[in-house]
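Q: With the sequence up front, the predicted model follows.
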Amino acid sequence: EVQLVQSGAEAERPGASLKISCKASGYNFPNYWIGWVRQMPGKGLEWMGVIYPDDSDTKYSPSFQGQVTFSVDKSINTAYLQWGSLRASDSATYFCARSMNSAWDFDTWGQGTPVTVSS
Amino acid sequence: SSDLTQDPAVSVALGQTVTITCQGDSLRSHYATWYQQRPGQAPILVIYNMNKRPSGIPDRFSGSHSGDTASLTITGTQAEDEADYYCNSRDSANYPLRMFGGGTRLTVL
């Protein structure tokens, strides 16, 4: 069974750094793009970008370029989303998802990681 | 504009047919993908490549496309179809990146 399991909820202060994870199982992790999607409280989905685990090729949406960093550790089939300095506006639920094709259609999603940034 | 526009809310009577639309310039060149999101849950892929259904998605869900508009149709709507529906397609201004529409809240009466 293809599965993505994300790390648990986080609560941080503004200015803190944070790295959340997305562990894949049930398929050949290096060969499928992983995407990240933000959902702010009560709002819609926002496409953040994708990373190809095999070579770490990364595509960021302009809205998120320079604000977050995608990375992977192929040895443990895990993708990461990280912030160097959190802001209150980063409070949201973040989903990772596996792309089923080169068009970046996401056929499997993680359960989401809620991130709260508050002083 | 590179946006994808959806009606914020649509309602349908149980057992009836409903169509949810998504409009945007990028749809003149690229197909739409549709995701369903029930409250408190992760999204689910329901339609990709305009009209293809992943394994496990009921055949009452179908997709279509004309000009700058993509449509998701649910035939014989069930109570469990009550959810938010998001279209997704290429962002023509930032190709090959993708973007979501604002979402449509479907209420089943």
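A: Arrived safely.
Q: From now on I want contacts and neighbour counts done on CA atoms only, so please keep to that.
A: Fine.
Q: tell me, what residue is most central in chain A?
A: In chain A, the centroid-proximal residue (C-alpha atoms, centre = their mean) is A:Trp36; its distance is 3.8 Å.
Q: Can you give the contact residues for whatever helix or strand that residue lives in?
A: Element membership of A:Trp36 [criterion: DSSP states H and E] is strand A:34-39. For strand A:34-39, contacts defined as C-alpha atoms under 8 Å, 6 or more residues apart in numbering or on different chains pick out A:45-53, A:79, A:81, A:92-99, A:104, A:106.
Q: restrict those residues to contacts with chain B.
A: A:45-47, A:49, A:95, A:104, A:106 (C-alpha under 8 Å from any C-alpha of the partner chain).
Q: Turn the residues you listed into a markdown table, columns for pLDDT.
A: Output for these, formatted as a markdown table (pLDDT from 0 to 100):
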| residue | pLDDT |
| --- | --- |
| A:Leu45 | 98 |
| A:Glu46 | 98 |
| A:Trp47 | 98 |
| A:Gly49 | 98 |
| A:Phe95 | 98 |
| A:Trp104 | 96 |
| A:Phe106 | 98 |
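Q: Of these, which is the most crowded?
A: The most crowded member of these, judged by other C-alpha atoms under 10 Å in any protein chain shown, is A:Phe95 (28 neighbours).
Q: mind pulling up the phi and psi values for the residue lying closest to that residue once chain neighbours are set aside?
A: Of all residues beyond its chain neighbours, the one nearest A:Phe95 is A:Gly112 (4.4 Å), with distances taken as C-alpha to C-alpha, 6 or more residues apart in numbering or on different chains. When read as degrees, to the nearest 10, the backbone of A:Gly112 gives phi 100, psi 140.
Q: For A:Gly112, give me its contacts.
A: Counting by C-alpha under 8 Å, 6+ apart, A:Gly112 has contacts A:6, A:93-96, B:42.
Q: do the same with B:Thr77
A: Listed by C-alpha under 8 Å, 6+ apart, the contact set of B:Thr77 reads B:12-18, B:60, B:108.
Q: The residue nearest to it when sequence neighbours are not counted: what secondary structure?
A: Distance criterion C-alpha to C-alpha, 6+ apart; nearest residue to B:Thr77, sequence neighbours excluded, is B:Gly15 at 4.7 Å. Under DSSP: H, G, I helix; E, B strand; the rest coil, B:Gly15 falls in the coil class.
Q: And A:Trp47, by the same measure?
A: Three-state call for A:Trp47 (three-state DSSP): strand.
Q: List the beta-bridge partners for the residue nearest to it when sequence neighbours are not counted.
A: Nearest non-adjacent residue to A:Trp47, counting by C-alpha to C-alpha, 6+ apart: A:Val37, 4.9 Å away. Note on A:Val37: beta-bridge partners by DSSP bridges are A:Trp47, A:Phe95.
Q: What's the local residue count around A:Val37?
A: The local packing of A:Val37 (other C-alpha under 10 Å) involves 19 other residues.
Q: and A:Met100, how many neighbours?
A: A:Met100: 14 neighbours (other C-alpha under 10 Å).
Q: Alright, I will stop here.
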